[in-house]
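A.B. asks: Provided below for reference: sequence and predicted model.
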Amino acid sequence: MLVEVHMLQNHAPSNLNRDDTGSPKEAIFGGYKRARISSQCIKRSIRRSQIFQDRLQGLVGLRTRGLPELVRDRLLAAGFSAEMAEVGASKASGFGTEEGREQRPNDSGYYRTAQTMFLSNADVEAVYEVIRAAAEQAKDPASLKKVPAKELQRQAEDKGLRPIAIDIALFGRMVTSEAFVDVEAATQFAHAISTHKVDHEFDYYTAVDDLERASDDQAAGGADMIGDVEFNSACYYKYFNVHVDGLIDNLTGRAFRRSISSDDETAARDTAARAIESLIEAACRVTPTGKQNSFAAFQLPSLLWVEIRDDNLPVSYANAFSRPVDPKSKEGLEKASALALKRECETLTNLYGLEARSRMLLTHHEGLEILGVGSSPNLRSLLAQVQTEVRDG
């Protein structure tokens with residue numbers, strides 16, 4: 001089963017996702033410059049959102065290089081000395097490389113792994129348990145130092161398959177440490193692109209010193225500093241999909257050749273339904289944070305189109321906008337973009353006989369239908385339908 005999500009979202013002037021120069025990200029599509037929000041930015045804004053965290057409380061992981069300090073804190077809490085805990089942190093820093101190469105502490109004395117890793121709570125606990133056992137056996141810091149981090153990695157691997165956090169199952173992970181399994185992502189996210197041609201603009205701003213203005217009229221006549229911020233305004237087409245069977249396989253461990261029971265399958269499907277519902281809700285309600293204190297571009301989507309297919313054959317409708325929508329059309333930018341999406345969806349569906357077990361629409365455009373499907377009354381109603389479809393398999 002494949003759940004595909006298409007969104008149209010029109011943002012006021014903003015700089016939601018910047019490149020290395022501070023400019024809004026962009027792309028050439030159909031021969032024209034478009035505003036762009038990277039898939040990485042979209043995924044992180046969803047994954048770290050309060051909505052996603054609250055809906056899936058206790059089931060999400062952590063992407064970090066700070067595993068050694070998590071281990072140090074646990075060792076200290078367990079009553080080990082500061083010296084023993086520091087050696088333990090050093091050993092944990094070796095979990096970021098295949099060779100188990102321990103890292104040097106930074107200037108603040110903190111240890112970090114060589115790579116940023118996506119970890120579940122069970123992963124962190126497994127590493128801690130292995131290092132705790134080694135510390136108890138070593139009895140002193142000097143003896144623990146002699147234990148190879150590579151050997152500790154092997155012991156963590158021998159503990160067997162650990163539960164995979166929801167966000168790891170959705171977004172995947174690739175690590176070089178044998179203590180953790182690689183996970184194939186169950187989702188695919190496209191970079192969001194504007195449905196129309198975009199030109200960037202600049203906000204020239206100044207700042208003045210409040211105290212100078214109050215005490216010295218002559219000094220207050222000029223700016224204390226000047227600067228500029230690049231921005232744009234764009235209606236974005238966003239697309240992502242979730243391979244439900246792949247998500248369930250990640251959650252049960254079947255993707256890692258683990259034998260599972262029917263109860264495992266049922267529990268994983270229930271969790272997958274909750275995860276997909278939370279993912280779609282967060283995608284609708286959450287906006288990237290770039291320069292939001294300056295622009296406050298918090299606009300909700302004008303259209304949400306969901307298709308659920310039995311076959312894992314994803315279809316993006318981005319080519320609806322290969323010819324840019326005219327922002328000055330009589331329908332207005334949002335409605336013109338919606339009509340372009342409707343035409344592309346209906347044309348491709350008819351040309352290729354695209355089948356779907358269920359289709360759902362949510363839009364504020366009165367009377368708009370896609371493939372004869374009218375708008376759901378609200379987001380909650382649509383999400384309930386998606387969750388039912390996923391649970392029923």
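C.D. replies: Perfect, I can see it now.
A.B. asks: Select the longest strand from the protein.
C.D. replies: strand 225-243 (DSSP state E).
A.B. asks: What mean pLDDT does that strand get?
C.D. replies: Confidence over strand 225-243, taken as the mean pLDDT, stands at 95.
A.B. asks: Packing partners of the very next helix or strand once past it?
C.D. replies: Beyond strand 225-243 on the C-terminal side, the first helix or strand identified by DSSP states H and E is helix 244-252. With contacts defined as 3 or more C-beta pairs under 8 Å, 6 or more residues apart in numbering; DSSP states H and E, helix 244-252 has these neighbours: helix 166-171, helix 262-285. All C-beta spots, glycine's among them, are computed from the backbone N, C-alpha and C.
A.B. asks: Go again with 10 Å.
C.D. replies: Counting contacts by 3 or more C-beta pairs under 10 Å, 6 or more residues apart in numbering; DSSP states H and E, helix 244-252 is packed against strand 2-14, helix 166-171, helix 262-285, helix 379-392.
A.B. asks: next one: that helix to chain centre, how far?
C.D. replies: Distance, stretch centre to chain centre, for helix 244-252: 18 Å (C-alpha atoms, centre = their mean, to the nearest Å).
A.B. asks: burial of residue 229, as a residue count?
C.D. replies: 17 (other C-beta atoms under 10 Å).
A.B. asks: Contact partners for it?
C.D. replies: By C-beta atoms under 10 Å, 6 or more residues apart in numbering, the contact list for residue 229 reads 15, 18, 22-24, 201-205, 291, 294-295.
A.B. asks: Now the buried members of those residues.
C.D. replies: 15, 18, 24, 291, 295 (16 or more other C-beta atoms under 10 Å).
A.B. asks: quick one: contacts for the last one?
C.D. replies: With C-beta under 10 Å, 6+ apart as the criterion, the residues that contact residue 295 are 11, 12, 13, 14, 15, 16, 203, 229, 231, 233.
A.B. asks: In terms of pLDDT, where does the nearest residue in space to the fifth one that is not next to it in sequence sit?
C.D. replies: Once flanking residues are discounted, residue 15 sits nearest to residue 291: 4.1 Å by C-beta to C-beta, 6 or more residues apart in numbering. In the predicted model, residue 291 carries a pLDDT score of 94.
A.B. asks: and if you look at residue 127?
C.D. replies: Residue-level pLDDT assigned to residue 127 equals 94.
A.B. asks: can you check residue 377 too?
C.D. replies: Taking residue 377 on its own, its pLDDT is 97.
A.B. asks: Give the helix, strand or coil label for it.
C.D. replies: coil (DSSP: H, G, I helix; E, B strand; the rest coil).
A.B. asks: hey, where'd the helices end up in the stretch 101-250 of the chain?
C.D. replies: All helices of the stretch 101-250 of the chain, identified by DSSP state H, counting those that start in this stretch, fall at 121-138, 141-145, 149-158, 166-171, 210-215, 244-252.
A.B. asks: about what we covered before: now do the buried residues in the longest strand of the chain.
C.D. replies: Of the residues in strand 225-243, 229-243 count as buried by neighbour count, 16+ other C-beta under 10 Å.
A.B. asks: is it true that residue 27 lies in a strand?
C.D. replies: Yes: assessed with three-state DSSP, residue 27 lies in a strand.
A.B. asks: Surely it and residue 191 touch.
C.D. replies: Yes: Residue 27 is in contact with residue 191 according to C-beta atoms under 10 Å; the separation is 6.8 Å.
A.B. asks: more neighbours, these two?
C.D. replies: The neighbour count for residue 27 versus residue 191, taken as other C-beta under 10 Å, is higher for residue 191 (21 against 15).
A.B. asks: so who does the more buried one touch?
C.D. replies: Counted by C-beta under 10 Å, 6+ apart, residue 191 has contacts 17, 25, 27, 29, 34, 36-42, 236-239, 318.
A.B. asks: 6 Å instead?
C.D. replies: 36, 38, 39 (C-beta atoms under 6 Å, 6 or more residues apart in numbering).
A.B. asks: which one of those residues has the most neighbours?
C.D. replies: Most neighbours among those, by other C-beta under 10 Å: residue 36, with 23 neighbours.
A.B. asks: Tell me how far that one lies from residue 326.
C.D. replies: Distance, residue 36 to residue 326, using C-beta to C-beta, to the nearest Å: 20 Å.
A.B. asks: got it, and residue 31?
C.D. replies: Where residue 326 is concerned, residue 31 sits at a distance of 15 Å (C-beta to C-beta).
A.B. asks: Looking at those two now, which is surrounded by more residues?
C.D. replies: Neighbours were counted for residue 31 and for residue 326 using other C-beta under 10 Å; residue 326 has more, 12 against 9.
A.B. asks: ok, so of the contacts of residue 191, who is nearest residue 343?
C.D. replies: Of all these, residue 36 has the smallest distance to residue 343: 23.0 Å, by C-beta to C-beta.
A.B. asks: From residue 294, how far off is residue 381?
C.D. replies: 35 Å.
A.B. asks: just checking, residue 321 touches residue 195?
C.D. replies: Yes: using C-beta atoms under 6 Å, residue 321 is in contact with residue 195, at 4.3 Å.
A.B. asks: Which neighbours do these two have in common?
C.D. replies: Common contacts of residue 321 and residue 195 (C-beta under 6 Å, 6+ apart): residue 237.
A.B. asks: if you count what's nearby, which of those two comes out ahead?
C.D. replies: Taking other C-beta under 10 Å, residue 321 and residue 195 do not tie; residue 195 has more neighbours (27 against 24).
A.B. asks: ok, now which ones touch the more buried one?
C.D. replies: Residue 195 neighbours (C-beta under 6 Å, 6+ apart): 235, 237, 321, 325, 337.
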